[in-house]
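build me a model:
(chains A and B)
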Amino acid sequence: MAPNDFPLRKFVAPEFIFGMDARTLAGRYAKNFGGRKVLVVTDPGVRDAGWSSQVIASLEESGLEHVLFDGVTSNPKAEEVSTGAALYRKEGCNAIVAVGGGSPMDCAKGIGIVSANRGEIVEFEGVDRVEQSIPPLICIPTTAGSAADVSQFAIITDSARQTKIAIISKMIVPDVALIDPVTTTSLSRELTSQTALDALCHGIEAYVSTAHSAITDLFALQSIRTISSNLLPTIETPDDLGFRGRMMLASLEAGLAFSNASLGLIHAMAHGLGGMQDAPHGECNALLLPLVIDFNFPAEPERYTRIAGAMGISTIGMSPDDVLAALHSRIACLLKESGVARPLSLLGISRSDIPALALKALNDPCIFTNPRQPSREDIEAIYERAL
Amino acid sequence: MKGPSDISSVWDAEREKIIGLGERSLRKTYYPELQQKLDELERFRALIDQSNDCIFLIHVLSNRFIDVNESACRQLSITRQELLSCHWNTIFPDETVSRAMESLAGGLEQGWDRDTITTLMCKRTGDLLPVEMAIRIVTFQKDLYGVAVVRDITERKRAEKAFLENSRMLRDMELAKQIQLSLLPAAPPEIPGATLAGYCLPATHVGGDYYHFSNRNDGIVDLVVADVSGHSIGSALMTAEARAVLRAQLSTGSSAGQTLTSMNEILHEDLSRSELFITVFCASFDTSSRILTYANAGHPPGLLFRHSGRSCQWLDADGLIMGVRNAVTFEEKQVQLQSGDLLLLYTDGVTEADDGRGHLFSNERLCETLRSCHRESPQTIIDTILLRVAAFSAAIPLEDDVTMVVMKVE
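Modelled structure (predicted):
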């Protein structure tokens, strides 16, 4: 191999425990991290499903006090971070446990950042802007998709600017992820599909990212493979812990891949949509996936061919055009079967929004690792197609 | 507008950071912050250790010392380990411990969180130190602790005692001063053909100066000024004794010379024993003949201001200071006074008043002063001399007692 095959790459992952009932270890970990009073961050859906109360019971068993903050909404807002941080300070908390999907986990990271560094969460937008270590953070994911429990990303909606900001820092990688497939059994069909397609996009974008490495490639391809073959059966038999477990594992693998290799144009464009219309993140990604593949394919035909292979397409002897066509129909099929990916117009986006969306996408940190540099016109054209 | 190559370089730089190759790309670590906090704690510890006060941290529930500062170990002559393992009964009296424990246990419920106890602290050597213990209740992580700051008040006690003694002595001295002033003639006697005035101010509370004048039935007026060495209580006592002897002698009708001879004999033993001396100028004025008879026991000569010639004449006679030898004969002299003549008897506090630059008020200035005010009454003459002396010595307080007797012949 040539020296060029070994550019510098870093791989950061938190300690994680994967398996049935991992959530019940929350109390032990919080205590071992020196926790005295724990802020439990969750959202109303997760609370109603009973997962947060089980985690709280575990904290109490370990003799720890807690305060519940369940005011997180999807696409978590900067104000929610401020409210949570104020509660954290007022109650004298010294550790955080997040229970839920990407929203509570990203909000919990934001609360940690503001608690340790002061200031407003929007001041930390960008890469490596977090100076002080955040308090001990334990993440218990209840969706198989966001992988915020292993990632260095936190995406927060700045309502004032109607946009999502990305905070990227190794400082906000959680101290431990307790990944328990059982928690995903309460997910609706809709959320199961949306989060799974989010994970698929993580795998695909990480694999073609210009920051990919041999290690992230392993996780990325494996996640694509698993999601492709397990998504539909999971939707059909939602209580099957075997399928749920495999989807959770795939989400973890995709998370380890994208947290280190970062993402690309799909996420850069989806963040603007979520910020503007509060549209479900997974659905925005799914909608943009085939369109961005069309744009990126010429830059990495070989990598996309391997992705096609991981999705179960026999690519031997195929021309690149054939591969692209096959990939398209495979994804279209997944989207159709899972019932996700309404056109943008149905998500409340109109043609007049496109120039502003394109500008936001051009400045989103996720775009910097896309395999092909798009112009503003390129991005506007992709949004046009998605209407 | 950025060109494509600009965009590429921005992308490259951002990608490097995202990969984790940026300067500030590091995983969460509490160690630098911990290290900083430890350094701060160490500095703070030094601060606590350097305090002169002994500081004890007591865990209320177990009633044991949790921490002590270096000052406590030093002042108790005991190691930190020993101190942490011993009960506080070994250091403080039982009643102090029970009061402190009551404060710590019940204080918060009763709505206060501090107490101050004056007590003793027992060193390992058995020595007892008077101390003041300020005790305060604090809460750390829901556990109650008492912080006792113990201050050695030996010095304060000593100062308080010294202050008390001083003020008692000051009170006594003030009393002595009043008594001594009451031994002076209350007012000059009214005599035909002459007016008199007297003045005495001790430099400190009590002094060794004394003056006397008395009117005998036979038209003779006695005028005496005496100065016992020193300004101490001893001088004052000797002054009182000399006064009694003097008055007794004068009452027998003895002449000036005889009076001094007898005084010297009677006082000699006491003077020698106390190592004190007395100088005395003794005069008697015959109001009908206007003859002044005088004798001197080592005192500054009397000053006679002649109205006729506006001149000063020093009245001196041979005689030794009292307290040197037992049997002494004092020369007795006489002088005829005329109308308008002034007699001034004084102590060396007047003529030896210092201006701070080595100059004394001197006989010459005294004479000059008399010349300027000889027409005034005796009391006004005394006041004028006092003003001149005060102006001469300016800010310097007088070091010696000042005494004067003035007689003006009419």
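
give the contact list for the residue of the stretch 151-300 of chain B found nearest chain A.
At 34.2 Å from chain A, B:R151 is the closest residue in the stretch 151-300 of chain B, using C-beta to the nearest C-beta. All C-beta spots, glycine's among them, are computed from the backbone N, C-alpha and C. Residues counted as contacts of B:R151 (C-beta atoms under 8 Å, 6 or more residues apart in numbering or on different chains) are B:N52, B:D53, B:C54, B:V131, B:E132, B:M133, B:A134.

do A:A95 as well
Contacts of A:A95 (C-beta under 8 Å, 6+ apart): A:A30, A:F33, A:G34, A:G35, A:R36, A:K37, A:V38, A:L39, A:P135, A:P136, A:L137, A:I138.

the second one against A:D175, yeah?
What that stands for is A:F33. Yes. Here A:F33 reaches A:D175: they are 6.1 Å apart, a contact under C-beta atoms under 8 Å.

now the common contact residues for those two.
A:P136, A:I138.

looking at the two, which is more packed in?
Taking neighbours as other C-beta atoms under 10 Å in any protein chain shown, A:F33 and A:D175 compare with A:D175 leading, 19 against 16.

my read is that that one contacts A:L137, right?
Yes. Applying C-beta under 8 Å as the test, A:D175 and A:L137 come out as touching, 5.6 Å apart.

for the residue nearest in space to the middle of chain B, what is the enclosing helix or strand?
By C-alpha atoms, centre = their mean, the mean C-alpha position of chain B lies nearest to B:N166, the distance being 8.1 Å. Element membership of B:N166 [criterion: DSSP states H and E] is helix B:154-182.

residues touching B:T347, list them.
Here B:T347 is in contact with B:D209, B:V225, B:D227, B:H299, B:P300, B:D400, B:D401, B:V402, B:T403, B:M404 (C-beta under 8 Å, 6+ apart).

7 Å - rerun?
B:D209, B:V225, B:D227, B:D401, B:V402, B:T403 (C-beta atoms under 7 Å, 6 or more residues apart in numbering or on different chains).

got phi/psi on B:G207?
phi -140, psi -180 (degrees, to the nearest 10).

could you measure from it over to B:L201?
8 Å (C-beta to C-beta, to the nearest Å).

more neighbours: which of the two?
Legend: neighbour count by other C-beta under 10 Å for B:G207 and B:L201, higher for B:G207 (26 against 15).

returning to what we had before: now the residue of the stretch 151-300 of chain B closest to chain A, what's its secondary structure?
Applying DSSP: H, G, I helix; E, B strand; the rest coil to B:R151 yields a three-state assignment of strand.

apart from its neighbours in sequence, what residue is nearest the residue of the stretch 101-250 of chain B found nearest chain A?
Of all residues in the stretch 101-250 of chain B, B:Q141 sits closest to chain A, with a separation of 7.5 Å (C-beta to the nearest C-beta). Excluding its sequence neighbours, the residue lying closest to B:Q141 (C-beta to C-beta, 6 or more residues apart in numbering or on different chains) is A:R36, at 7.5 Å.

just to check, the one you found is in contact with A:N94?
Yes. Between A:R36 and A:N94 there is a contact under C-beta atoms under 7 Å: 5.4 Å.
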